[in-house]
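Undergrad: what's the 3D shape of this:
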Amino acid sequence: MPGRPPRLRDPWRVAAFAFIAVMFAIHACAALNSQGVPDFWRDFYWASAIAHGEAFPLAGPQIYQLLELGPWWFYLLALPIRLGTGSAGTMVFIQLLAASKYPLAWRLGTRAMDARFGFACTVSIAVAGWSTAGLVFPSHIALIEATLLLLAAASWRCSSVLSSRNVVLYGLACAACIHAHPTTITFVVASGAFLLWRHRSWAAFARLALAAAIVALSLLPPWLDRDMVTEHALKPLSGYLGGDVGVGLLHRIPTVAYGVLAVGAWWGLLLMTPLPLAVAQAAWWSYCACLVFAAGGYAWLARAASASPDARLRIAGGLAFVAFLAQVAFVVSLRPITPVWMVPSCVLPLALAIAVGWYGWIGRPGATRRLGGLVLGIYAAIVVAPYLLFLHDIRALRQMPNTNPYFNAGDYSDTFVTTPVPFYPVRRIDRVARVLCEPATLHARLAAVVEATFATPVRDACGRWPELRFGGIEGDRHLAGLPAHAARASGVAPARVVAGMALYERVRAIAPDQGGRAARARRLQIDPDSAAGPPRPTVFVFDAEAGDAVVLTNRLPMAAPMTVDAVLAGGQPARLADDDGSSRVYACTACADGASVHWRIDLQAVAGNLDLVVLER
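TA: Prediction:
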């Protein structure tokens, strides 16, 4: 448009801003649709305690039962909770912080070269599959890439002027990286060594010692609050070094490197999109072709004069790829397996290497630039596709049979199976929490949802810790809850529906005798308390009316699985009306109205972790 500033007419700037806006919107929407994982609810518990003045912990998240980080992550999350955002708002807060990696990548890319390289960096940091790790596991690991980019920005400032102010910012960035995840320590050490080499003076050494002191002080608080329980709960260093470090490096390093480079895109497209198998395969091959195309950009950069910015960028891209391989080797050496939350520290150098390749195309004039821009656009669409999983309510997930890439990077299968999952998003948890302020014994899916959160959203909504039980026959008031679709399948009308949770007040508890109770979390605790022991054969026998529904729930599936062998109603197999992966709803369709029906359920489970109720008409 005439009169518009030239910078706003730059198509690369417009494309970058559009991509950044899309990613922020996706992260915010994904936050609202997330159910959270045990680590998030642990974080939310302690942050809520801080926000309400109930506790001020000195220890933060634990890492591999080996060490504890400082408590700063909990205190950071206390800010939105204090403002009344609830668990949903806290989840959005985390994801907006995580999405800050995109404008940071844009800023660093444009400063390094120009708007075209800034756009390439912005798209490249969304490495297909692996860039969703912070959405799958929304905790401090979601900030790994963002904190590493902050470290890069702080290192850049210090490389120019190693002032006390810049060193303090650098030290804070280093501490933020370590608290995002200790696997970032390689970048912290490398940046410190670079700055020491860059300035080469005793004054520089003294200032960098200040940065090191900031990092050390940030990790000090847990050591000021040691106790015998903590000492015994943490894994001894000797056992870790002797049993976990350096396992199977020769075959695992190339496997994980290939996994980060290509397999992440495969499981991202196969498991996190609704694409048919053949279409997912075609999209993955297109992704691989785009990577090969980007690698070809180095050939264009090789034509540049040795002292030109393009030549320096080519060297930087090559060093970034070497750093990627080195970081993979470091991460692989730390544990016998490499779960998805260990991978994000490997993503940043790979993203830089890919971005340099893209710039080799879009940094050229004429048809070469247009071709590069077209293929980069295709690549951007492919890397965004896995985020589709988080944009809607989830009732089933695709899984790879006999393998789990979320818990071991590089593992993959050529096909998938679809499995129902017990999913209830945080945006609904906050709403249903408001109706649970009175003492009650919760049952069915409602019990499993609230128990997994340590009942913290209820405490946050009600202003006090609730008197709640989870399962069991004790208590004067029993309240069961099922997802609305399961309630419809049961054939029993609920008393009301709140936030997609159908609530039942006519509930008869069958088992166990005692369930769980809403209790304060302990230091180092991640999962709610559960009954101990392995699954054992268990039989439940009871009577119910013909029109009633029977709901069997494994309240704590992470503690132990539940296997149902047989469910008989009136001597005949009962009808499975709904199964969400945690709660099973059974009905007796062949029974005569008004008749009493004898039920028998044979299963293998930890009985104390179950919940068996009858929903009465």
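Undergrad: the closest residue to residue 481 other than its chain neighbours sits in which helix or strand?
TA: Leaving aside its sequence neighbours, residue 481 sits nearest to residue 446 (Cβ to Cβ, 6 or more residues apart in numbering; 2.6 Å). Yep, even glycine has a C-beta here, placed from its N, CA and C like the rest. Element membership for residue 446 (DSSP states H and E) is helix 444-452.
Undergrad: now the helix or strand just after that helix, how far from the chain's geometric center?
TA: Proceeding N to C from helix 444-452, the next assigned helix or strand is helix 456-462, under DSSP H and E. Relative to its chain's centre, helix 456-462 lies at 22 Å (Cα atoms, centre = their mean, to the nearest Å).
Undergrad: contacts for helix 456-462, please.
TA: Helix 456-462 is contacted from outside by 41, 44-45, 48, 52, 81, 86-87, 429-430, 433-434, 436-437, 450, 465-466, 468, 518, using Cβ atoms under 8 Å, 6 or more residues apart in numbering.
Undergrad: show me where the stretch 151-300 of the chain dips below the pLDDT cut-off.
TA: Within the stretch 151-300 of the chain, the segments meeting pLDDT under 70 span 228-229.
Undergrad: swap in 90 and give it another go.
TA: Within the stretch 151-300 of the chain, the ranges that satisfy pLDDT under 90 run 225-244, 246, 248, 300.
Undergrad: residue contacts, the most centrally placed residue in the chain?
TA: The centre of the chain sits closest to residue 137, judged by Cα atoms, centre = their mean, with a distance of 1.3 Å. By Cβ under 8 Å, 6+ apart, the residues touching residue 137 are 37, 39-40, 340-341.
Undergrad: from the contacts of helix 456-462, which ones fall inside strands?
TA: When DSSP state E defines the strands, the subset of the contacts of helix 456-462 inside them is residue 468.
Undergrad: out of the contacts of helix 456-462, which are buried?
TA: 41, 44-45, 48, 52, 81, 86-87, 429-430, 433, 436-437, 450, 465-466, 468, 518 (16 or more other Cβ atoms under 10 Å).
Undergrad: report the rounded mean pLDDT for the helix holding residue 446.
TA: Mean per-residue pLDDT for helix 444-452: 95.
Undergrad: and it, how far out from the chain middle?
TA: 20 Å.
Undergrad: alpha carbons only: can I get it in CSV?
TA: The C-alpha coordinates for helix 444-452 follow below in CSV (Å, rounded to 0.1, in the frame of the first residue of the first chain):
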residue,chain,number,x,y,z
ALA,A,444,-16.1,-42.8,38.7
ARG,A,445,-14.3,-40.5,36.2
LEU,A,446,-14.8,-37.5,38.5
ALA,A,447,-12.8,-39.1,41.3
ALA,A,448,-10.0,-40.0,38.9
VAL,A,449,-9.8,-36.4,37.5
VAL,A,450,-9.8,-34.6,40.9
GLU,A,451,-7.5,-37.1,42.6
ALA,A,452,-4.9,-36.8,39.9
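Undergrad: which other helices and strands contact it?
TA: Under the contact definition 3 or more Cβ pairs under 8 Å, 6 or more residues apart in numbering; DSSP states H and E, helix 444-452 sits against helix 426-433, strand 468-472, strand 478-483, strand 501-504, strand 549-554, strand 583-587, strand 610-615.
Undergrad: you'd agree residue 185 is in a helix?
TA: Yes. Assessed with DSSP: H, G, I helix; E, B strand; the rest coil, residue 185 lies in a helix.
Undergrad: roughly how far does the residue nearest to residue 481 sit from residue 217?
TA: Residue 446 is 44 Å from residue 217, where distance means Cβ to Cβ, to the nearest Å.
Undergrad: which one's more surrounded, the two?
TA: Taking neighbours as other Cβ atoms under 10 Å, residue 446 and residue 217 compare with residue 446 leading, 27 against 12.
Undergrad: so where is the stretch 301-450 of the chain shaky, pLDDT-wise?
TA: The model of the stretch 301-450 of the chain has pLDDT under 90 over residues 301-312, 340-341, 364-365, 387-397, 401-412, 414, 419-423.
Undergrad: please enumerate the helices of it.
TA: 309-334, 344-362, 366-384, 426-433, 444-452 (DSSP state H, counting those that start in this stretch).
Undergrad: sorry, back to before: including distance to residue 243, could the helices and strands packed on helix 444-452 go into a markdown table?
TA: Output for the helices and strands packed on helix 444-452, formatted as a markdown table (distance: least, Cβ to Cβ, whole Å):
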| stretch | distance to residue 243 |
| --- | --- |
| helix 426-433 | 37 |
| strand 468-472 | 36 |
| strand 478-483 | 42 |
| strand 501-504 | 44 |
| strand 549-554 | 31 |
| strand 583-587 | 38 |
| strand 610-615 | 34 |
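Undergrad: and those: which comes nearest residue 400?
TA: strand 549-554 (22.5 Å; Cβ to Cβ).
Undergrad: elements contacting whatever helix or strand comes next after the closest one?
TA: Counting by DSSP H and E, the next helix or strand C-terminal to strand 549-554 is strand 563-569. Here strand 563-569 touches strand 549-554, strand 583-587, strand 596-605, going by 3+ Cβ pairs under 8 Å, 6+ apart.
Undergrad: paired strands for strand 563-569, with orientation please.
TA: Applying DSSP bridges, strand 563-569 is found paired with strand 572-573 (antiparallel), strand 596-605 (antiparallel).
Undergrad: would you mind finding the most buried of those strands?
TA: The highest mean neighbour count among these, using mean count of other Cβ atoms under 10 Å, belongs to strand 596-605: a mean of 18.
Undergrad: who's in contact with that one?
TA: Residues from elsewhere that reach strand 596-605 (Cβ under 8 Å, 6+ apart): 535-546, 548, 550, 552, 554, 560-571, 574, 588, 591, 612.
Undergrad: how far away from the center of its chain is it?
TA: The chain centroid and the centroid of strand 596-605 are separated by 37 Å under Cα atoms, centre = their mean.
Undergrad: what do you get for stretch 479-496?
TA: Distance of stretch 479-496 from the chain centroid (Cα atoms, centre = their mean) equals 30 Å.
Undergrad: can you check stretch 231-240 too?
TA: Using Cα atoms, centre = their mean, the offset of stretch 231-240 from its chain centre is 26 Å.
Undergrad: list the buried ones in that stretch?
TA: The neighbour-count check on stretch 231-240 (16+ other Cβ under 10 Å) flags 234, 240 as buried.
Undergrad: straight-line length of it, end to end?
TA: 14 Å (Cα to Cα, to the nearest Å).
Undergrad: what lies in contact with that stretch?
TA: Applying Cβ under 8 Å, 6+ apart, the contact partners of stretch 231-240 are 62, 64-68, 524.
Undergrad: circling back: with distance to residue 24 added, can I get the helices of the stretch 301-450 of the chain in a markdown table?
TA: Converted to a markdown table, the helices of the stretch 301-450 of the chain look like this (distance: least, Cβ to Cβ, whole Å):
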| stretch | distance to residue 24 |
| --- | --- |
| helix 309-334 | 25 |
| helix 344-362 | 18 |
| helix 366-384 | 13 |
| helix 426-433 | 17 |
| helix 444-452 | 28 |
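Undergrad: nearest to residue 107, out of those helices?
TA: Per Cβ to Cβ, nearest to residue 107 of the helices of the stretch 301-450 of the chain: helix 344-362, 13.5 Å.
Undergrad: from the chain's centre, how far out does the closest one sit?
TA: Distance of helix 344-362 from the chain centroid (Cα atoms, centre = their mean) equals 23 Å.
Undergrad: which helices and strands does that helix pack with?
TA: So helix 344-362, by 3+ Cβ pairs under 8 Å, 6+ apart, packs with helix 115-124, helix 144-160, helix 185-199, helix 277-301, helix 309-334, helix 366-384.
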